[in-house]
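Quick one: sequence and predicted model below, then my questions.
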Amino acid sequence: MPELLRNLGDWSFSTPGLPTLLFSLLLAFVLSKPLAFVYVRTHQGTSYSRSFVQSLVLLPMIIAIVMLAVGDSMARAFGLFGALALIRFRTPIKDSRDTVFLFLAVAIGITTGVQNTTLAVVGTAVTLACAWYLFGVRFGERIANDGVLRVSLPQPGAHDADLQAMLRHHCREFSLVSLTESHQHPGHVDYAWQLRLRDPSSHPALVADVRTLPGATEVSVLVQSQHEEI
């Protein structure tokens with residue numbers, strides 16, 4: 001073991017010149033900006049954090065500094081590994097997609113730190129393009145409807161034609177989920193329609209139209225949260 005440690009300590013290490021250091025750090029910064037931009041534009045849910053976005057920009061630069069400090073010296077690598085192992089991060093990451101962006105930030109720092117410019121640029125560009133594509137096509141989304149329309153109408157069947165005409169105007173697809181007698185309004189029937197709106201933001205207009213039906217009460221549209229499919 002002592003001999004192994006002496007061999008590790010004998011490894012030579014040459015510090016990169018100032019132009020190389022500046023180029024690596026600036027490249028890490030430049031590549032991390034599109035990373036943060038794509039994250040901000042494609043993020044969904046309520047776990048958004050401005051500090052996390054700024055961390056995505058700074059983390060590659062820090063990793064690049066570490067890689068430049070290590071260089072070709074295994075002794076330095078072991079030393080830095082032991083020093084960094086003392087750091088404990090207590091911030092929980094709720095979304096696995098955030099972890100993916102963190103890994104990409106680390107990859108940017110490593111590739112720029114070892115001065116592999118081609119891999120850094122191409123790898124970042126291709127990965128971010130794939131992330132943007134998956135967001136654009138809404139890959140993996142399982143939401144089949146935008147919400148549920150609930151309305152209570154008197155005289156069952158008397159206004160079905162008018163109601164369906166309104167639904168055809170506002171919805172791409174709709175289907176009757178339930179039809180039950182109203183307990184709050186005797187003589188009324190409670191309808192529940194599953195909707196696929198033409199415009200997800202047009203549900204107030206649909207509610208306003210349904211309320212024009214004679215005797216219509218308890219009109220509401222329960223919009224399904226898009227944050228459930230992250």
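Arrived safely, thanks for sending.

So Ala64 versus Ser220, what's the distance?
54 Å (Cβ to Cβ, to the nearest Å). For every residue, glycine as well, the C-beta is placed using N, CA and C.

Give the phi and psi angles for Gly215, as a check.
phi 80, psi 10 (degrees, to the nearest 10).

can you tell me which residues contact it?
Residues near Gly215 by Cβ atoms under 8 Å, 6 or more residues apart in numbering: 153-155, 188.

which ones among those are found in strands?
153-154, 188 (DSSP state E).

Please identify which of the residues you listed is nearest to Pro200.
Relative to Pro200, the closest of the ones in strands among the contacts of Gly215 is Leu153; by Cβ to Cβ it sits at 24.8 Å.

Is it correct that the closest one is in contact with His159?
Yes: if you go by Cβ atoms under 8 Å, Leu153 and His159 touch, sitting 5.5 Å apart.

Please identify every residue contacting each of those two.
Residues touching both Leu153 and His159 by Cβ under 8 Å, 6+ apart: 213, 216.

Please report how far the nearest residue to Lys94 once chain neighbours are set aside lies from Asp95.
Leaving aside its chain neighbours, Lys94 sits nearest to Ser47 (4.9 Å; criterion: Cβ to Cβ, 6 or more residues apart in numbering). According to Cβ to Cβ, Ser47 stands 6 Å off from Asp95.

likewise Arg172?
Counting by Cβ to Cβ, the gap from Arg172 to Asp95 is 30 Å.

who touches the nearest residue to His188 once chain neighbours are set aside in this structure?
Spatially, and ignoring its direct neighbours in sequence, His188 is nearest to Ser182 (4.0 Å; Cβ to Cβ, 6+ apart). By Cβ under 8 Å, 6+ apart, the residues touching Ser182 are 152, 188-190, 218.
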